[in-house]
Structure formats: C-alpha cells, structure tokens
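Q: got a predicted model here, sequence first, then my questions.
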Amino acid sequence: MSIKKRSEPEKKEPVVKKQTTAKPQVKTETKTESKPQTKQQPIKQQQPIKQQKQPIKQQQQPIKQQQPIKSALKKAEPLPTTTTKVEPLKAINNKSIKKTKEVITQSISVGCYENSIIGYDATYVGGVAEEGFEVDLQMKYGYSSHTGCVKALASTKNVLVSSSTDETLKVYDLKKKVEFGQLAKHEGFVTSIEFYKNTHMFAGSMDNTISVWRVSDWECLKVMSGAKGAINSISIHPSGKVALSVSKDRRLFLWDLTKGTSAHFLKFKSEGFIVQWSPSGEHYAVVFKDKLVIYNSSNFEELISLEFKLQILAIKFLDDNTLMVGGEDKLLTFIDYKNGGKITKQLMGHDNRIKGIDLLKFKGVDKTYVVTISSDGLIIVWNPTETILPVGCAETGFRLTTVSVGQISQVKSIDSNDDEEDNDNNQNDDEDNDEIDSEEEEAIANQPTKKMKVNVEMEDEEENDEEDEEDEEDEEDEENESEDENEDEDEDEDEDEDEDEDEDEDDE
C-alpha cells in the first residue's frame, strides 16, 4: 500500500508533459509577435472617421435651408436706393465725376479741279444763324492731297477716301484730320467709290475692274472683272448682297457680292454714266446722255423714261418716291417717279452746273436736308419740304467736282460739377426773372434749402464742429475768468490780512 502511495508522485509526469505542452504557448507568443501584421485592423476600424463626415454633411443641410434668408435679402434690395446717389459727397470733396458720351458731327467734304479737298462741319442751329439759316457750315480743313483733279469722294464714320486723275486712292482720318495711307490695286484712276455701311468699300476703275476692300484693315478681298470698258459708276444694294455697275462698253452688270462674280448683264443702246439703287432696293435709276430711265429690279423692265435737253451730272434718291436730279441746267429737280415721273419741284440757287448731290441728317432733328455743289464754288443746303430757299450756304472759291457727307464720332468727357453749375445758373436765372417782394425774399432766405441727406449730415457735422469750437472758446474764457477771480480773491485776502495786522498793532 505504501508503495502505491509513493507511486502517486510519479504520476506527476503528465505535469511535465504539460510543461512540454507549454511550448505551443511559445508559439502563441510568436504569433503574438507576428501580430504586427494584424495592425491593419485599426485601419479597418476607421469607421468613426466616416461617422464624423456624416455630421459635416448634416451641417451643410441647414445651410441649404437658409433660402428664406436670401429671399429676405432680395426683398431688402429697394432699401439702398435711398443712398445710391453720392454725387453731393463728391461735389463736397471737389472730386468731379467723369462721364463720357459720343458726340457725332456731320462733315461735308468736297473735291475740286484744283487738286484739293475741303472739309466743313455742319451744325444744326434752327434759324439762329445769320440770315436765318438753319444749318451753319464752318470750314475745318483744306488739303492739297493730289496732283490731279479730284474725281470721286466717299466717306463713312471717321473715314474719307478720295480718288484723282493722278491714279492714286488715298484714305484720311476725319477725326484726326490726317492722311491715313494710300491704296494701290488699280492701273487706271478710280472713277467711282461707295461704302457699304462701315465695313466694306467698293471702287470702280478705268482698268475695267471693281475692287472690294475691308475697312477694318484695308485689305483687298476681291477684284471683280467682266466688263470690257472702264467703269463709270457703281451702286451697292441696301442688302449688301448684290451691286450694279455701268461701263463704257454700254453694259449694265449685276454683281453677286457673295461670290464676287457677275450674275447678269444688260446691253444698252448708249453708254450709261450713272447708276443708283433706290432706298428700298426695288428700283434703280440709270443716267444716259440725254435721258433718265428707272427700272424695276425684280424683272429689269423699264418703269419710266424721262428725256432732258441738257446732260444730267448728279442724281440722288430722297426717299422711295422721289428722285433728285441736277446737271447742266443749274436746277435741282424733284421727280415723283412712281407717279409717272411727275416733276414736283425745282430749286434754283447755283450760277453754274450742279456736280454733286447728297443727303444731310442730324441726330434728334426730324428733317432731311439736301446738299448740292456746283462749279460756281458754292455749297448749298436745302430743306425741300419746308422752303424753296437755301437754309445753309458756304462759298469755297474753287471749282467743285464731287461731294460726300460723313460722320465724325468723338467721345468727350462730361464733368458733373459743370452740369451742377449749369443747373445752378439756370436756377439763378429763373429766380432773377421772378419778381419777389422783400418780405418773401426774407422768408425764403430763412427757409432751409432742399438738399440731399448727405449734404445735411455734412452741414450738421460742420455746425457741430463750429459749436464745439465756440464751446471750447467759452470754456477758455470761463477758465480765464475763474483765474482772474481767484487772483482777485487772493489780493482781497492779502489786503484783509494786512488790515488785521494793522489792527493788531493798534491794539498793542
């Protein structure tokens, strides 16, 4: 039995085995050492970060819900209108407001046999000028531009082009009054020039061709050929898609400007000298040596034909019903071509043949004036709807050959202070014209003037400053007076002390 009891401790071997089984614990420790590979788990556990983004989105939602605040701001927009005008502030600070506006001046340019170009500025005065003229003409420049007779002129906004028998084609800047340059494309001299709006220019030449120019950079886009004689005259349709020309080969060409080629031509019995479209483009007129013919543009059929004893040198459509004619007869004739070619009016003012006719219009004036030139050297302005007498005139002293009316556009600055001064002057003039009694003048003088709130506030501030200065002066005066009083009191006290001392001595 005792032997069995001693054998029990021998059964502790399994305990030793347990120690040996502890080796896997070491392995587990190695596994724990290899746990750095499992450090990725906290990366996967970054869900709270995503949860933090959600409240951020939730915070953005109330921002979107702040639409009523925006609508309230929109409703509050009319409020600033009470303080938008700050011109009085700038006037007080002596800072002028610089505004700009476009000022358009009508310019009349004429060419002459003396190789020169003369320019006049036309101003509407409405009968205030001398001799009751409605249009005042002032000479602005004279330029000997060519070495030969000036044959043609054409102008558009701030640009003038002239041609001469010296075979030159020159461009001028009307705004600066300088020669811009010279165009060279034709072999002979240019006989006819016409602008289409402010974008393109067409020139017909003695070399039987018509050149097309772009005004922006003065590049020659196309040279159209087809005529077998020199080009006498050209005219652009109001649409800008087609053009007409008459030439010495007695043919009328219809040009397709979209392709730059001739689309149609007619053969006349005699040479055509002038061609011109009507303002609507429904008709066109052709001048021959002894007659004037108006055609229908839809079928090229003759509408009317008028014979003249003397040659016609210039024509111009006044409107879609009236055609103006001038020439060797020295008369400006008005023809109602839709009413059988009836002559409605004839104006006489030149002593020699009429060489050119053009239209003159002013901004803000509901009138169309007519400008004529003659070899007698006169430029005459007519108002055909109201009077048969000239309403403007200028004497050049040259034998004129051609005329063109253009526009000069200038941007000028406006000073608001000047406007205010003008308004003040006008108000003062009105007050001077009114008869007011002395009592009323005193009452008006005592009344406060109507000014902006800004002015009133500034005046109040100035008054407050003046009141402060007066208060300071009063305070200084009071201090001085108090000091004087103190000094007087001190002197009185000294005198009292002296008197007391004297009385004490007497008592002793």
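A: Received it, and whenever you're ready, just let me know what you need. Since this is a predicted model, take the numbers as computed values, not measurements.
Q: show me which residues of stretch 262-279 are buried.
A: By neighbour count with 16 or more other CB atoms under 10 Å, stretch 262-279 contains the buried residues 262, 272, 273, 274, 275, 276, 277, 278. All C-beta atoms are positioned from the backbone trio N, CA, C, and that covers glycine.
Q: ok, now stretch 364-378?
A: Taking 16+ other CB under 10 Å as the neighbour-count basis, stretch 364-378 is seen to contain the buried residues 367, 369, 370, 371, 372, 373, 374, 375, 376, 377, 378.
Q: just stretch 296-308 next, same as before
A: In stretch 296-308, residues buried by neighbour count (16+ other CB under 10 Å) are 297, 303, 304, 306, 308.
Q: check the fourth one and give its pLDDT.
A: By that I understand residue 306. According to the per-residue confidence, residue 306 scores 94 in pLDDT.
Q: CA atoms of the helix or strand it falls within as PDB?
A: Assigning secondary structure by DSSP states H and E places residue 306 in strand 302-307. Written as PDB, here are the backbone C-alpha positions of strand 302-307 (Å, rounded to 0.1, in the frame of the first residue of the first chain):
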ATOM      1  CA  GLU A 302     -38.400  99.900-117.700                       C
ATOM      2  CA  LEU A 303     -40.600 101.800-115.300                       C
ATOM      3  CA  ILE A 304     -40.300 105.300-116.600                       C
ATOM      4  CA  SER A 305     -38.100 107.200-119.100                       C
ATOM      5  CA  LEU A 306     -37.600 111.000-118.900                       C
ATOM      6  CA  GLU A 307     -35.800 113.000-121.600                       C
END
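Q: any chance you could list what contacts it?
A: If you take CB atoms under 8 Å, 6 or more residues apart in numbering as the criterion, strand 302-307 is touched by 283, 290, 291, 292, 293, 294, 295, 296, 335, 337, 340, 341.
Q: without its sequence neighbours, what residue ends up closest to the fifth one?
A: If you skip the residues right next to it in sequence, residue 293 has residue 305 as its closest partner in space, 4.7 Å away by CB to CB, 6 or more residues apart in numbering.
Q: over to residue 201?
A: Excluding its sequence neighbours, the residue lying closest to residue 201 (CB to CB, 6+ apart) is residue 213, at 4.4 Å.
Q: quick one: residue 201 and residue 215 touch, right?
A: Yes: shown here, residue 201 and residue 215 form a contact pair, counting by CB atoms under 8 Å, at 6.0 Å.
Q: any common contacting residues for those two?
A: Counting by CB under 8 Å, 6+ apart, the contacts common to residue 201 and residue 215 are 156, 195.
Q: thinking again about what came up before, what's the most distant pair in the contacts of strand 302-307?
A: Taking every pair in the contacts of strand 302-307 and measuring CB to CB, the maximum separation is 22.0 Å, between 290 and 296.
Q: which helices and strands does the helix or strand harbouring residue 358 pack with?
A: Element membership of residue 358 [criterion: DSSP H and E] is strand 354-361. In terms of contacts (3 or more CB pairs under 8 Å, 6 or more residues apart in numbering; DSSP states H and E), strand 354-361 is packed against strand 98-112, strand 312-317, strand 322-327, strand 331-336, strand 368-374, strand 400-415.
Q: for the record, mean pLDDT for the last one?
A: Right, strand 400-415. Mean predicted lDDT for strand 400-415 stands at 86.
Q: what sits against the closest residue to residue 240 other than its chain neighbours?
A: Closest residue to residue 240 apart from its sequence neighbours, by CB to CB, 6+ apart: residue 196 at 5.0 Å. Applying CB under 8 Å, 6+ apart to residue 196 gives the contacts 202, 236, 240.
Q: buried subset of the contacts of strand 302-307?
A: 283, 292, 293, 294, 295, 335, 337.
Q: could I get these as TSV with secondary structure and distance to residue 348?
A: Conversion of the buried ones among the contacts of strand 302-307 to TSV gives the following (DSSP: H, G, I helix; E, B strand; the rest coil; distance: CB to CB, whole Å):
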residue	secondary structure	distance to residue 348
283	strand	27
292	strand	19
293	strand	25
294	strand	24
295	strand	29
335	strand	16
337	helix	21
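Q: closest to residue 150 among the residues you listed?
A: For the buried ones among the contacts of strand 302-307, the residue nearest residue 150 by CB to CB is residue 292; the value is 25.4 Å.
Q: residues touching that closest one, list them.
A: Going by CB under 8 Å, 6+ apart, residue 292 touches 285, 286, 305, 306, 308, 312, 315, 323, 325, 335.
Q: repeat that for residue 110.
A: 117-120, 153, 356, 373, 379, 396, 398, 400, 402-404.
Q: beta partners for it?
A: residue 118, residue 403 (DSSP bridges).
Q: confidence score at it?
A: Predicted confidence (pLDDT) at residue 110: the value is 97.
Q: now it: how far from residue 394?
A: Taken as CB to CB, to the nearest Å, the spacing of residue 110 relative to residue 394 amounts to 9 Å.
Q: okay, the angle between the strand holding residue 306 and strand 331-336?
A: Computed with axes from the mean of the first three to the mean of the last three CA atoms, to 10 degrees, the direction of strand 302-307 lies at 150 degrees from that of strand 331-336.
Q: what lines up beside strand 302-307 in the sheet?
A: Determined by DSSP bridges, the sheet partners of strand 302-307 are strand 291-296 (antiparallel).
Q: and the helices in the stretch 51-200 of the chain?
A: Counting by DSSP state H, counting those that start in this stretch, residue ranges of the helices within the stretch 51-200 of the chain are 67-75, 87-92.
Q: where in this protein is pLDDT low?
A: Flagging of the chain using pLDDT under 70 yields the residue ranges 1-98, 127-131, 414-508.
Q: repeat that for 80
A: Within the chain, the stretches with pLDDT under 80 are 1-102, 127-132, 412-508.
Q: so the residue nearest to residue 201 belongs to a strand, correct?
A: Yes: in this structure, residue 213 lies within a strand as judged by DSSP: H, G, I helix; E, B strand; the rest coil.
Q: just checking, it touches residue 199?
A: No: using CB under 8 Å, residue 213 makes no contact with residue 199, being 9.9 Å away.
Q: those two: which is more packed in?
A: Comparing residue 213 with residue 199 by other CB atoms under 10 Å, the one with more neighbours is residue 213, at 23 against 12.
Q: who's in contact with that one?
A: With CB under 8 Å, 6+ apart as the criterion, the residues that contact residue 213 are 183, 200, 201, 202, 203, 219, 220, 221.
Q: identify the bridge partners of it.
A: Residues found in beta-bridge contact with residue 213 (criterion: DSSP bridges) are residue 201, residue 220.
Q: that one and residue 291, how far apart?
A: When distance is defined by CB to CB, residue 213 is 33 Å away from residue 291.
Q: do residue 373 as well
A: Between residue 373 and residue 291 the distance, using CB to CB, works out to 24 Å.
Q: got it, and residue 346?
A: Residue 346 sits 18 Å away from residue 291, taking CB to CB as the criterion.
Q: can you check residue 135 too?
A: In this structure, residue 135 and residue 291 are 33 Å apart, going by CB to CB.
Q: tally of neighbours for the nearest residue to residue 182 once chain neighbours are set aside?
A: Distances taken as CB to CB, 6+ apart place residue 170 nearest to residue 182, at 5.2 Å, with adjacent residues excluded. For residue 170, the number of neighbouring residues by other CB under 10 Å comes to 20.
Q: sounds good, over and out.
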